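>>> A structural model of the following input is requested.
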Amino acid sequence: MRTINRFFKALCCLSFFCLLLPTHTVRADASADAYTWLFSQQQGSGLLESFAVTSPNSLNDVAFTYDQSLAVIAFLLRNDTTNAGRVLACLKRLQVNKTWYTAYTSLAQCNDSVKPTVWEFNRFVGPVVWVALAVGYFEYRTGDMTYHTMALDALDWAYSYQQTDGGINGGLQGATAVTWASTEHNEDAWAASAYFRSAHCENASLVKRFLDNDVWINAPSNQHWMGGRGDAADPLDVNTWGVSALGANGRRPYANSLDYIMAHHRNTQTAGVTVDAFDFNSDHNDIWFEGTFQAVVALRLAGRSADADHFYAEALKGQHLSGGVPYSLLGTHNGYFQMTNYESVSSTAWLIFAAMNFNPLGIGSLLPENNTIGIFRQSTATFYLRNCNSTGFADSSVTFGASTDFPITGDWNGDGSDTPGVYRTSTGQFFLTDSVTNPAVLQYSFVLGNPSDQPIVGDWDGDGKDGVGVFRPSNGLIYLKNNLTTGFADFTMVLGVPGDVGIAGDWNGDGKDSPGVYRPSNQQFYLTNSICNCSVFADAQLGLGIAGDTPFVGDWDGDGKSGVGVYRQSNGLTYIKNALMTGFADTSFVFGSASDYPLAGHWVGKTAPLPAAPALEAAPPFQP
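Numbering: from 1, shown residues only. A predicted model of the protein is given here:
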């Protein structure tokens with residue numbers, strides 16, 4: 001516990017004069033001050049007391065599980081891996097049946113003999129999944145996999161409550177399974193699954209459909225998420241976290257939810273200091289500091305830096321000299337629970353995230369993207385895209401081009417998401433879109449090649465944006481172009497023989513794509529790592545498939561190197577292989593139907609990249 005004059009601070013908070021304490025304008029680093037306050041809240045068990053309670057109160061000596069996850073991430077951002085690990089070590093001891101209770105008390109010790117005891121006997125999905133998020137960032141930063149199984153178990157438990165509509169119900173209230181599903185909890189699960197992507201891919205895709213279709217309000221000029229399944233309430237965090245977890249755009253125009261909170265949650269309150277920020281809900285009777293810092297992160301992700309800077313400065317008015325930030329300004333009831341104006345771990349941790357431009361719901365963007373299957377159905381000129389390499393339904397569909405066009409996909413604008421395109425072999429024209437929803441908008445149109453050429457796609461120069469190329473089956477000539485405009489090719493190469501099929505991928509993981517060919521006569525891939533004006537030989541050769549299969553390429557395991565695949569049009573069977581050597585496929589599944597054409601890409605919008613942690617002062621040693 002911090003050594004402060006509790007009597008004075010109690011009087012101060014009762015009158016709200018504590019919010020008149022000097023703010024960010026006189027401190028060199030609000031984030032450093034916030035970190036110091038968080039550290040002061042850490043108890044002998046490793047867990048942090050969630051609130052700086054100033055007088056005898058039921059919240060005294062209480063650690064909420066969600067807050068512990070925030071503290072882990074905040075400590076890591078301040079390069080304090082030691083105390084982040086202390087939090088996780090205690091949570092590992094407290095995990096029972098793959099889950100945690102919502103809150104604990106008696107925080108002095110956490111060992112095999114003495115552990116914190118349960119304070120609140122609910123076990124809800126959101127706090128449990130946040131522990132997995134914290135573990136993901138911990139192992140990414142430290143390489144320490146001690147808590148990996150703990151996180152996977154937490155996700156297993158959360159997905160055990162998934163319903164037929166894709167939504168995950170809230171978990172357990174006492175010993176009773178609840179029937180409600182929180183939008184916030186499902187956003188958390190989606191974000192954690194983006195990092196632990198090898199587990200629950202299909203479950204995560206169902207969550208995404210629930211978020212896009214069941215709890216998204218698509219009314220014109222009023223687009224936002226509601227509180228949960230059948231819950232028409234409009235909490236601030238489901239909208240800010242939706243953007244932070246799913247990105248600014250995707251299956252829905254998620255960033256429009258930020259317009260909604262500006263119109264419905266923004267308000268001004270005065271309690272010793274005047275703050276223009278956001279309420280938890282739309283009744284305009286409080287300032288929720290944690291939620292305002294969450295909004296700052298989402299606004300920056302959506303490119304609204306001026307708004308983000310404004311609300312960051314406004315929310316900093318609530319930071320105390322100690323470095324802590326109250327949960328809310330006035331401590332009102334928000335429709336779900338009673339808020340408090342005590343300094344809180346959650347508000348203070350989110351200050352650090354906002355100050356350091358860090359999106360804790362975007363940890364999946366730390367990992368290389370893996371590609372998943374898609375198909376183009378010529379009869380309807382429709383792309384069907386799936387987020388998992390497994391048998392199942394499409395997660396999205398886009399109609400684009402004509403039935404006689406040759407389908408392609410690529411990341412045309414460098415936003416981390418692959419989108420459709422077509423090549424019109426009759427005219428040598430490319431038509432490309434950045435859209436992953438209908439109606440797809442034509443964004444690029446240009447000419448390269450001759451009629452009957454075959455299109456290929458790749459990032460030839462490593463700039464993060466795909467260019468295009470054409471392969472001429474008649475003579476093995478390859479023409480590559482970086483810019484999506486009509487003009488001469490940047491490179492002309494020779495690879496293959498007449499009758500080959502052109503492909504492209506990053507075969508060696510150097511961040512640049514290069515050509516290859518597939519020879520239908522012997523079902524062999526011939527791949528080169530070169531980009532040049534030259535004739536090349538294959539650097540790698542492998543066999544996969546049988547006569548009549550259609551080749552395609554993707555980074556199936558997210559290791560930064562392309563693998564290969566074949567699609568059997570007679571039955572819709574897909575075979576994909578990671579290693580570039582002859583052998584059995586790593587995975588096979590059914591997606592599509594006879595005569596469909598295979599594609600691969602990363603279809604889900606990517607959240608903002610996370611900044612590297614700065615070099616900061618060493619963490620102070622813990623003293624009981």
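>>> Is residue 36 in a helix, a strand, or coil?
helix (DSSP: H, G, I helix; E, B strand; the rest coil).
>>> Low-confidence ranges, the stretch 1-150 of the chain, go.
For the stretch 1-150 of the chain, the stretches with pLDDT under 70 are 1-28.
>>> meant to ask about the stretch 251-400 of the chain
In the stretch 251-400 of the chain (pLDDT under 70), no residue qualifies.
>>> For residue 300, give its distance to residue 248.
Distance of residue 300 to residue 248, given as CB to CB, to the nearest Å: 10 Å. Using the backbone N, CA and C atoms, a C-beta is placed for each residue, glycine as well.
>>> Which residue lies nearest the spatial centre of this structure?
Among the residues of the chain, the one closest to the centroid is residue 362, at 3.8 Å (CA atoms, centre = their mean).
>>> That one should be in a strand, yeah?
No. Residue 362 is assigned helix when assessed by three-state DSSP, not a strand.
>>> pretty sure it contacts residue 243?
No. Between residue 362 and residue 243 there is no contact under CB atoms under 8 Å: 10.2 Å.
>>> list residues touching both of the two?
residue 301 (CB atoms under 8 Å, 6 or more residues apart in numbering).
>>> dump the residue contacts of residue 68.
For residue 68, the contact set (CB under 8 Å, 6+ apart) comprises 47-48, 87, 91, 131, 134.
>>> what are the bridge partners for the residue nearest to residue 599 when sequence neighbours are not counted, then?
Closest residue to residue 599 in three dimensions, ignoring its sequence neighbours and counting by CB to CB, 6 or more residues apart in numbering: residue 374, at 3.9 Å. Note on residue 374: beta-bridge partners by DSSP bridges are residue 385, residue 599.
>>> mind listing which of the contacts of residue 68 are in helices?
Among the contacts of residue 68, the members falling in helices (DSSP state H) are 87, 91, 131, 134.
>>> need the residues you listed in TSV with distance to residue 159, can you?
Below are those laid out as TSV (distance: CB to CB, whole Å):
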residue	distance to residue 159
87	24
91	19
131	15
134	18
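>>> for whichever helix or strand residue 431 is part of, packing partners?
In the assignment (DSSP states H and E), residue 431 maps to strand 429-433. Here strand 429-433 touches strand 419-424, strand 442-447, going by 3 or more CB pairs under 8 Å, 6 or more residues apart in numbering; DSSP states H and E.
>>> what residues does it touch?
398, 400-401, 405, 408, 410, 412, 419-424, 440-448, 455, 468, 484.
>>> Report the inter-axis angle for that strand versus strand 442-447.
Computed by axes from the mean of the first three to the mean of the last three CA atoms, to 10 degrees, the angle separating strand 429-433 from strand 442-447 equals 160 degrees.
>>> Just the mean pLDDT for strand 429-433, thanks.
Here strand 429-433 scores 97 as its mean pLDDT.
>>> so how far is that strand off the chain centroid?
For strand 429-433, the gap between its own C-alpha mean and the chain's C-alpha mean amounts to 28 Å (CA atoms, centre = their mean, to the nearest Å).
>>> got the contact list for the nearest residue to residue 275 once chain neighbours are set aside?
Leaving aside its sequence neighbours, residue 275 sits nearest to residue 287 (CB to CB, 6+ apart; 4.8 Å). Neighbouring residues of residue 287 by CB under 8 Å, 6+ apart: 267, 269, 275, 277-279, 315, 318, 328-330.
>>> highest average neighbour count across the helices and strands packed on strand 429-433?
Ranked by mean neighbour count, those are led by strand 419-424 with a mean of 25 (mean count of other CB atoms under 10 Å).
>>> could you give the angle of it to strand 442-447?
Going by the same axes, to 10 degrees, strand 419-424 makes 30 degrees with strand 442-447.
>>> looking at this, residue 197 is in a strand?
No. According to three-state DSSP, residue 197 belongs to no strand; its state is coil.
>>> I figured it hits residue 558, correct?
Yes. Here residue 197 reaches residue 558: they are 7.2 Å apart, a contact under CB under 8 Å.
>>> any common contacting residues for those two?
Common neighbours of residue 197 and residue 558 (CB under 8 Å, 6+ apart) are 367, 370.
>>> Quick one: the strands in the stretch 151-300 of the chain, in order.
With DSSP state E, counting those that start in this stretch as the criterion, the stretch 151-300 of the chain has strands at 171-173, 176-177, 216-217, 224-225, 266-270, 274-278.
>>> and residue 307, which of the ones you listed is closest to it?
strand 266-270 (9.9 Å; CB to CB).
>>> Distance to residue 215 and mean pLDDT for the helices and strands packed on strand 429-433 - can I get that in TSV?
Shown next, in TSV, are the helices and strands packed on strand 429-433 (distance: least, CB to CB, whole Å; pLDDT from 0 to 100):
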stretch	distance to residue 215	mean pLDDT
strand 419-424	25	96
strand 442-447	30	96
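>>> Can you tell me the closest non-neighbouring residue to residue 59?
Computed as CB to CB, 6+ apart, the closest residue to residue 59 that is not its neighbour in sequence is residue 51, at 4.8 Å.
>>> what number of residues lie near the residue nearest to residue 599?
When counting by other CB atoms under 10 Å, one arrives at 30 neighbours for residue 374.
>>> measure it to residue 513 for me?
Applying CB to CB, the value for residue 374 to residue 513 is 18 Å.
>>> Next one: the residue nearest to residue 59 from residue 326, what distance?
Distance of residue 51 to residue 326, computed by CB to CB: 9 Å.
>>> Those two: which has the busier surroundings?
residue 326 (29 against 26).
>>> residues in contact with the more buried one?
So residue 326 contacts 13, 19, 289, 318, 320, 340-344, 347 (CB under 8 Å, 6+ apart).
>>> hey, what's it bridged with?
Taking DSSP bridges, one obtains residue 343 as the residues bridged to residue 326.
>>> circling back: mean neighbour count, the strands of the stretch 151-300 of the chain: which tops it?
strand 224-225 (a mean of 25).
>>> Starting from it, tell me which strands it pairs with and how they run.
strand 216-217 (antiparallel).
>>> What are the contacting residues of the partner strand?
Residues contacting strand 216-217 (CB under 8 Å, 6+ apart): 223-226, 252.
>>> Select, from the residues you listed, the two members most distant in space.
The largest separation in those, counting by CB to CB, is between 226 and 252 at 13.1 Å.
>>> ok so, going back, I figured the residue nearest to residue 599 was touching residue 388, is that so?
No. Between residue 374 and residue 388 there is no contact under CB under 8 Å: 11.5 Å.
>>> follow-up on the earlier one: want to try JSON lines for the helices and strands packed on strand 429-433, with distance to residue 35 as columns?
Output for the helices and strands packed on strand 429-433, formatted as JSON lines (distance: least, CB to CB, whole Å):
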{"stretch": "strand 419-424", "distance to residue 35": "40"}
{"stretch": "strand 442-447", "distance to residue 35": "44"}
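>>> Out of the ones you listed, which gets nearest to residue 540?
Here strand 419-424 is closest among the helices and strands packed on strand 429-433 (CB to CB), at 25.7 Å.
>>> and which of the contacts of residue 326 is nearest residue 66?
Nearest member of the contacts of residue 326 to residue 66, counting by CB to CB, is residue 344, at 11.0 Å.
>>> Pull the contacting residues for the nearest residue to the closest one once chain neighbours are set aside.
Distances taken as CB to CB, 6+ apart put residue 327 closest to residue 344, at 4.0 Å, once the chain neighbours are dropped. For residue 327, the contacting residues are 51, 288-290, 339-344, 346-347, by CB under 8 Å, 6+ apart.
>>> switch the cut-off to 7 Å
Shown in contact with residue 327 (CB atoms under 7 Å, 6 or more residues apart in numbering): 289-290, 339-342, 344, 346-347.
>>> again, but for residue 347
Taking CB under 7 Å, 6+ apart, one finds 289-290, 293, 325-327 in contact with residue 347.
>>> Many thanks, I have nothing further to ask.
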